[in-house]
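K.L.:
below are the sequence and a predicted model for it; my questions follow.
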Amino acid sequence: MNKFFEQTLHKPFLVLVLACILVACGLAAYQNLPLEAYPDVANMQARVITQVPGKAAEEVEKLVTIPIEKELNGIPHSDPPRSISIFGLSVITVVFDDTVDPYVARQQVLERLANAAVPPNVQPQLDPNASPVGEVYRYTIEGKHWSSMDRKEAQDWILNRKFKSIQGIVDSTGFGGPSKVYQVEIDPGRLRATGISQSQIASAIVSSNGSTGGSYIVRNDQNYMVRGLGLLRSVKDIENVVITANPDNVPIRVGDVAHVSIGAAIRKGQVGKNDDDDVVEGILLMRRGENPSDAVNNIKAHWDEVAQSLPDGMHLEPLYDRTALVKRTINTIGENVAEGIILVIVLLMLFLFQVRSALICAVVIPLALLFAFCMLTLCKVPANLLSLGAIDFGIIVDGAVVMVENIVRHLSHLAEQNKYGGVDVLHTVVTAASEVAKPILFSTSIIVMTFLPILSFERVEGKLFRPLAITMNFNLIGAVVITMTVIPVLCYLIYRRKLPSDKESPIMLWLEKLYLPILNFAINHRIIISTIAFSALLFSLSLTPFLGSEFLPELEEGNIWLRVTILPTSASLDKAVKVAKEIRHVIKEYPEVTNVVSQVGSPDDGTDPNTYSTIEILVDLKPQSEWGPEFKSKEALVRSIEGKLDHEMPGFLYNFSQYIKDNMDEAIGGVKGEFGAKIYGPDLAVLTSLGKHVRKIVASVPGMVDVANDQLLGQPQLLVTIDQERASRYGITSNDILDIVETSVGGKNITEVIDGEKRFPVVLRFQKAYRDKEADLRNILVNTPSGQKIPLGQLASVSEQCGATSILRDENERRIAVKANIRGRDLGSAVLEAQKQIAKNIVLPPGYHIEYSGQYDRAQEAMARLAVVVPITLGLIFLLLYTAFGSAYIAALVMLTVPLAATGGIIALFLSGTHFSISAGVGFIALFGVSIQCGVILVSKIREMCGDDTFDREALISACLIRLRPDMIATLVALGGLIPAALSNGIGSQSQKPFAIVIVGGILPATLLTLVVLPSLYSWFAGGCKVNWRIPFRTADQETDPQIDPSI
């Protein structure tokens, strides 16, 4: 390495210029780096949405869902589809592997859809190319002097197109507000008096609404286009449409037999905000793969322009902004990182006792981070709070500490020998840097290797932690590059005019005095030390059953997402709106709440399939620093709201979650909850019975809250069952009867009124007074081919029964899910107890089976993968150590630092009350790498001073004393770099906190045990030696032999 460092130091200006270029590129990369609060963990999904107006869930499943599912089965790299069928709507979801390109996946789904055997007028559509957690912005349209229908019209025909044209936005979904239609409401009495049928009215309106072209005529050498205009433009135009003429040749118009007006279509849902029961909301979806911050910034850049396109008196009010969460989490990360960097610099100053040396080491931190930003941008890896917040700058700076300490030690000897001159300083820096270059590269490669298991993660855990491993490795690589180039140059330039003194830190002198007798005791009492270490390990392992487990700590979003289920599930829209208003009123009384927005039912495009009995409520909270003294945590606030709702509004099912988390849970497991038990089988009644039984069992498990099961049955129905024999006597087909029932009661879109660029349906149906009762159904007249009018009651039976509210399918089977959240207990033990109780108390009929989904399954899959990959990685590290040291014994000795490191990490989790999670597991992986690094540095120095095949007690102690300072500095700076993250309680800190706690709690005990146990074991197994432990203590003013000073 001498030549490399000579070339570097002979061209310091070039090195510094390259460093400046790195700074510029890093800053530019940071500006373009996608930054997320939380990575999008949902797999690639394609949803097929089919609207079937007027059809019950049973018909939707039979006629639409099952035929489409059949075609979507077997698409390469996809799971079997899952679906939901409710009144008028079918939504089928196909989940693909991460390896599939989104556009290829969507194209495959579209190709299969073309072959689906669905009814002629049914048009399945693919949902927008957005992630399940792609909702980045919400707003409401306000305007005191405008009706909700007017605001809804503005959303559909102005805002929808404006927002979709913004870069990064794939769709703008309207929710709430009545949609404008032209209603032709038939009076059955007048129909009977004139002898006109419904089909005649429909035919007349359709045939009177059109335009055509008559080519052109030539006049004065010019072509005049001939246009035939006959479009309906108003209520009056529809009223004047002639249906037929009576026997006296008097025209019978639509207005003679029907009331024509502008009205509202049957509403799929309604939105309320605070005290307003009917607001119009817009939901903006980000295109898959886009940067959320960029997408929202683009929205804000065009906000005023879009708002100006609204009619006078209308304006937009922001409701939800994803970047608010991004900013708050980034602020948390920024505070933690800044505090960590300051702690690292302070610790470096205290232990190196050289301000210049500390600042030189600290240079590595920003340069390594900027290097990582460049590489992340080139590799198109987005940054998030996990990947940035988990960077331990103490670990990053370790190599620089070793390099600077060795250079300073050599230069201090040069100062004592009064050899001052540029050539001598340069040569000394080259020599010192060359001594530690290979060990630094070797130890860093070990840490990099310990992060390799994380790259094997798949699906959810892969998307969460692969960026962390990649970011950390890029930082380590950048740190090594800077340590090998910039650090020696800075040392040369800074110290060539004034050499460093050899004055040692008083803290280190005190530590050496403390360490020496402990080290001698360890060498003299090897069995006792080994027993203590082994007992500590056993003690920590005995704590593991009490840690509890979870998939990931819950990320605090600063809001509450409340899902309310009204029982019975046949609730009308008016009933649901009334309940939603009462709930909003209860929640808004809390001073910690800023806004409460409720959603009943589904948006118009069917992207969020819910019935009227489902109310979703977004509760926006103030920053916790502005809360009153009554609530110390969000969990306490949630418990209070839940208790108040249960007291004032009993009989409903409440499920508390968070906005992003709710969508994420559903995307991962198909269930809106942290725990899901899915029961599969053919019969809805049996599934409902089993679901209720399982729900009771799950609710009895401590820690299981918000327990509910899917509501499959409970929808009252009036069945019109056609008597085929009677119908055939009159020459009437089933389709004739069904068409009349559909038109008379539900209404039928027969054509459109075109108003400029807007289009509004023309709906034909009976007047309300003639379609609201069962008797009205029986009295509907059906025309026969001979002209007779037969009451429907003579052609079909009308009966009442309880039918399906929703039909859920998964893996081509019907299913019901029991879902729950966990509070006040760890996920793992709660789920295991629930599964045990279910297995004990539930006997499934033949043809039925149960499966579990949710976060626990993901955690088990990740742990199972780690159980395979981590031992393989440790084996590779062992081979690397064996290759470096040429001794299996030495390699095994260094590997003993792994269990020593685990001891402190486990105890730290136990004392802090932190559950073991994937985040904590990743922390252990990082901890193992750092502890192995310390072991490598210590054993390397011992072997250097004792010799490969000999053992000398004095040399062993001297080696340990020399390694004490760099090992303690490396440990304490790694500790200081993550202490702020371990102690932080800000928004966004929850997911990185277990990672930090493991390293902070484990690294110091691991280093102390390494400095004591490893020398003891080395002396034990390396052979006997003469006892000469009265080593004179090395003071700061004593000369140190440069031959034993190299840092490794």
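P.N.:
That came through, no problem.
K.L.:
quick one: the helices in the stretch 651-800 of the chain?
P.N.:
Secondary structure of the stretch 651-800 of the chain (DSSP state H, counting those that start in this stretch): helices located at 659-669, 684-699, 724-729, 734-741, 774-778.
K.L.:
so which of these is nearest residue 136?
P.N.:
Among these, helix 659-669 comes nearest to residue 136, with 10.2 Å by Cβ to Cβ. Using the backbone N, CA and C atoms, a C-beta is placed for each residue, glycine as well.
K.L.:
in the helix or strand harbouring residue 296, what counts as buried?
P.N.:
If you go by DSSP states H and E, residue 296 is part of helix 292-308. Residues of helix 292-308 classed as buried: 292-296, 298-299, 302-303, 306 (neighbour count, 16 or more other Cβ atoms under 10 Å).
K.L.:
in a markdown table, list the residues you listed along with pLDDT and distance to residue 61.
P.N.:
Below are the buried residues of helix 292-308 laid out as a markdown table (pLDDT from 0 to 100; distance: Cβ to Cβ, whole Å):
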| residue | pLDDT | distance to residue 61 |
| --- | --- | --- |
| 292 | 83 | 36 |
| 293 | 82 | 41 |
| 294 | 84 | 41 |
| 295 | 89 | 36 |
| 296 | 90 | 38 |
| 298 | 92 | 40 |
| 299 | 93 | 38 |
| 302 | 93 | 42 |
| 303 | 93 | 42 |
| 306 | 93 | 40 |
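K.L.:
return the member of these nearest to residue 236.
P.N.:
For the buried residues of helix 292-308, the nearest to residue 236 is residue 306 (34.1 Å; Cβ to Cβ).
K.L.:
so what's the closest one up against?
P.N.:
159, 162-163, 316 (Cβ atoms under 8 Å, 6 or more residues apart in numbering).
K.L.:
one more time with 7 Å, if that's ok
P.N.:
Residues near residue 306 by Cβ atoms under 7 Å, 6 or more residues apart in numbering: 159, 162-163.
K.L.:
how about the residues you listed in a markdown table, adding pLDDT and distance to residue 97?
P.N.:
Formatted as a markdown table, those follow (pLDDT from 0 to 100; distance: Cβ to Cβ, whole Å):
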| residue | pLDDT | distance to residue 97 |
| --- | --- | --- |
| 159 | 93 | 36 |
| 162 | 93 | 36 |
| 163 | 94 | 31 |
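K.L.:
with distance to residue 241, neighbour count and secondary structure added, can I get these in a markdown table?
P.N.:
Below are the contacts of residue 306 laid out as a markdown table (distance: Cβ to Cβ, whole Å; neighbours: other Cβ atoms under 10 Å; DSSP: H, G, I helix; E, B strand; the rest coil):
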| residue | distance to residue 241 | neighbour count | secondary structure |
| --- | --- | --- | --- |
| 159 | 33 | 24 | helix |
| 162 | 35 | 16 | helix |
| 163 | 37 | 25 | helix |
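K.L.:
ok, so of those residues, who is nearest residue 818?
P.N.:
So of those, ranked by how close each gets to residue 818 (Cβ to Cβ), first place is residue 163, at 38.5 Å.
K.L.:
pretty sure that closest one contacts residue 284?
P.N.:
Yes - look at residue 163 against residue 284 with Cβ atoms under 7 Å: they come within range, at 5.7 Å.
K.L.:
out of the helices of the stretch 651-800 of the chain, deepest packed?
P.N.:
Among those, judged by mean count of other Cβ atoms under 10 Å, the one packed with the most neighbours on average is helix 659-669 (a mean of 21).
K.L.:
mean confidence score for it?
P.N.:
Averaging pLDDT along helix 659-669 yields 75.
K.L.:
least confident secondary structure element in this structure?
P.N.:
Across the helices and strands of the chain, mean confidence by mean pLDDT, DSSP states H and E is lowest for helix 385-389: a mean of 70.
K.L.:
of the helices of the stretch 651-800 of the chain, which approaches residue 611 most closely?
P.N.:
Among these, helix 684-699 sits nearest to residue 611 (Cβ to Cβ), with 15.0 Å.
K.L.:
output the contacting helices and strands for the closest one.
P.N.:
strand 675-680, strand 704-709, strand 713-722, strand 813-822, helix 827-841 (3 or more Cβ pairs under 7 Å, 6 or more residues apart in numbering; DSSP states H and E).
K.L.:
give the residues shared as contacts by residue 163 and residue 284.
P.N.:
169, 172.
K.L.:
so which bits of the helix or strand following the least confident helix or strand of the chain are buried?
P.N.:
Remark: after helix 385-389, the chain's next helix or strand is helix 393-396, criterion DSSP H and E. By 16+ other Cβ under 10 Å, the buried positions in helix 393-396 come out as 393-396.
K.L.:
domain ranges for the chain?
P.N.:
1-32+353-503, 45-179+267-326, 181-264+716-804, 506-546+886-1034+1041-1048, 559-715+806-848 (automatic domain parsing).
K.L.:
could you grab the helix/strand/coil label for residue 318?
P.N.:
Of the three states, residue 318 takes strand according to DSSP: H, G, I helix; E, B strand; the rest coil.
K.L.:
leaving out sequence neighbours, find the closest residue to it.
P.N.:
residue 139 (5.5 Å; Cβ to Cβ, 6 or more residues apart in numbering).
K.L.:
before we move on, what about residue 925?
P.N.:
residue 450 (5.4 Å).
K.L.:
to residue 514, which of the helices and strands packed on helix 684-699 lies closest?
P.N.:
Closest to residue 514 of these is helix 827-841 (Cβ to Cβ; 40.9 Å).
K.L.:
counting by contacts, list what the closest one packs against.
P.N.:
Counting by 3+ Cβ pairs under 7 Å, 6+ apart, helix 827-841 packs on strand 675-680, helix 684-699, helix 855-885.
K.L.:
using CSV, lay out the helices and strands packed on helix 684-699 together with mean neighbour count.
P.N.:
Shown next, in CSV, are the helices and strands packed on helix 684-699 (neighbours: other Cβ atoms under 10 Å):
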stretch, mean neighbour count
strand 675-680, 26
strand 704-709, 23
strand 713-722, 16
strand 813-822, 24
helix 827-841, 18
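K.L.:
would you list those in CSV and tack on distance to residue 464?
P.N.:
Shown next, in CSV, are these (distance: least, Cβ to Cβ, whole Å):
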stretch, distance to residue 464
strand 675-680, 19
strand 704-709, 24
strand 713-722, 38
strand 813-822, 19
helix 827-841, 16
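K.L.:
which stretch among those comes nearest residue 252?
P.N.:
Closest approach to residue 252 among those is made by strand 713-722 (28.8 Å; Cβ to Cβ).
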